[in-house]
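Enquirer: The following comprises the amino acid sequence and a computationally predicted model.
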Amino acid sequence: MQGGESAWTEVAAWVEALGAIAAVIGSGWVAASESRATRRREERAAAAAIHKEERAVLATKTAALNLAILASTQIHDLHVALVDEAWRGRVARVSASRALLATERMLISFPIQSLGDAPAMLEFSRFPASLATAAEIYENLETAVRAAPEPDRAALFDASNQQMARLDAAAQRQLSALRTALGLHTDG
């Protein structure tokens, strides 16, 4: 009987050993599966965070460009108004326009450091001064025209129109340079 008992004991030991091996392999497989799933979740979370950061950067750049476009448009509009006023030989009161002041405040209060790039910050920083200069040209013309005799007014209009034309062209170049510095190129 001892020979039979030892055979069953040996078989039982082998079954127990195989069971232990299977348990170790199974728990390793489950742990590896959980590890892979955790890694995939972490990778997806990291990719989502990167995507969110890229969207925030794009939104900041777009906001800066939109403000610059607004300022450039207002400079152009002042130039057009000046051309019209020169043609009519009079000056309307638009110098202290609330829209110009509001745009200038928005430009000045924009968190320029959020652009994170020195060339983009430099290009953006030119717009508040350009807008203020355009308003000053128009305001100085208004004051000068009101004080000048009638025959001298045409020369004042011409001089101011030339200044505004240069400023308008410079604002368009600055807008293009800002668009390039921000990496926001548009076709067209």
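Expert: Good, I have the coordinates.
Enquirer: so how many other residues sit close to Ala81?
Expert: Using other CB atoms under 10 Å, Ala81 is surrounded by 16 other residues. Heads up, the C-betas are built off the backbone N, CA and C, glycines and all.
Enquirer: Could you check the pLDDT of it?
Expert: Looking at Ala81, its pLDDT stands at 78.
Enquirer: My understanding was that it contacts Ile137; is that so?
Expert: No. In this structure Ala81 lies outside contact range of Ile137 using CB atoms under 8 Å: 11.2 Å.
Enquirer: ok, now which ones touch the spatially most central residue of the chain?
Expert: Nearest to the geometric centre of the chain sits Lys61, at 1.1 Å (CA atoms, centre = their mean). Lys61 makes contact with Leu115, Ala120, Leu182, Gly183, Leu184 under the criterion CB atoms under 8 Å, 6 or more residues apart in numbering.
Enquirer: buried subset of those?
Expert: Leu115, Ala120, Leu182 (16 or more other CB atoms under 10 Å).
Enquirer: tell me which of the residues you listed is nearest to Thr133?
Expert: For the buried ones among the contacts of Lys61, the minimum distance to Thr133 (CB to CB) is 21.2 Å, reached by Ala120.
Enquirer: Could you export the contacts of Lys61 as TSV, including distance to Asn161, pLDDT and secondary structure?
Expert: Shown next, in TSV, are those (distance: CB to CB, whole Å; pLDDT from 0 to 100; DSSP: H, G, I helix; E, B strand; the rest coil):
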residue	distance to Asn161	pLDDT	secondary structure
Leu115	34	87	helix
Ala120	32	91	helix
Leu182	31	90	helix
Gly183	35	88	coil
Leu184	32	83	coil
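Enquirer: if we can go back for a sec, and the helix or strand containing the residue nearest to the centre of the chain, how far out from the chain's middle?
Expert: Assessed by DSSP states H and E, Lys61 sits inside helix 2-88. Mean-position distance between helix 2-88 and its chain equals 23 Å (CA atoms, centre = their mean, to the nearest Å).
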